[in-house]
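Novice: next one to model:
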Amino acid sequence: MVRLRCKIVNGRGRCHHRMMSELARIDPLAHVAEGTSIGPGTTVWQFVAVLKGAVIGADCNLSAHTLVEGGAILGDRVTLKSGVYVWDGVTLEDDVFCGPNATFTNDRNPRSKQPFNLERTTVKKGASIGAGAIILPGVTIGERAMIGAGAVVTNDVPDNATVVGNPARILS
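Specialist: Got it, this is the predicted structure:
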């Protein structure tokens, strides 16, 4: 990684300093905060927000209207389709795919303006999450697991399993 200064300008014309590879592609309408790390070959499309402290690997694709919060970690070759928000405490390992509007959460008992218990979620290498799936906090999704569209994942998912439904159940 090398430090680039004022190479990317967001939609309001303000420049942000950040750590990123010279080979990362950042749309001028994206907002990438100072203090982020973005690997080579990654593309960040328009209307994406990457907040301070986020770590994004190489060759990722962050589609329009996605958000990566500080404290979130994306491995290499991760794809986020539109409408995916990756919150603090969520780790997506290498080769993870998240379909449109897949939803992550990091607090089981959310309350406005109250302290909360951050629960960590891990999506292991090669897993795919279908469109509109909801991933509750504190779960681990195994390697190469498949989460069906619209599934609500309330428990850990084993490696290579396919789960569907609400609550998500393993297909036999």
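
Novice: who's in contact with residue 92?
Specialist: By Cβ atoms under 8 Å, 6 or more residues apart in numbering, the contact list for residue 92 reads 72, 73, 74, 75, 78, 86, 98, 123. The C-beta positions use only the backbone N, C-alpha and C, and glycine is treated the same way.

Novice: give me the beta-bridge partners of it?
Specialist: Counting by DSSP bridges, residue 92 forms beta bridges with residue 74, residue 123.

Novice: farthest pair in the contacts of residue 92?
Specialist: 73 and 98 (13.7 Å; Cβ to Cβ).

Novice: between these two, which has more neighbouring residues?
Specialist: Using other Cβ atoms under 10 Å, the more surrounded residue of residue 73 and residue 98 is residue 98, with 29 against 20.

Novice: so the more buried one sits against residue 84, correct?
Specialist: Yes. Contact criterion Cβ atoms under 8 Å: residue 98 and residue 84 qualify, at 4.7 Å.

Novice: local confidence estimate at the residue nearest the centre of the chain?
Specialist: Residue closest to the average C-alpha location in the chain (Cα atoms, centre = their mean): residue 86, at 3.8 Å. On the pLDDT scale, residue 86 is placed at 98.

Novice: got a list of what it touches?
Specialist: Here residue 86 is in contact with 66, 67, 68, 69, 72, 74, 80, 92, 98, 104 (Cβ under 8 Å, 6+ apart).

Novice: how does it look with 7 Å?
Specialist: 67, 68, 69, 72, 74, 80, 92, 104 (Cβ atoms under 7 Å, 6 or more residues apart in numbering).

Novice: in CSV, list these along with secondary structure.
Specialist: CSV is the format used below for the contacts of residue 86 (DSSP: H, G, I helix; E, B strand; the rest coil):
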residue, secondary structure
67, strand
68, strand
69, coil
72, coil
74, strand
80, strand
92, strand
104, strand
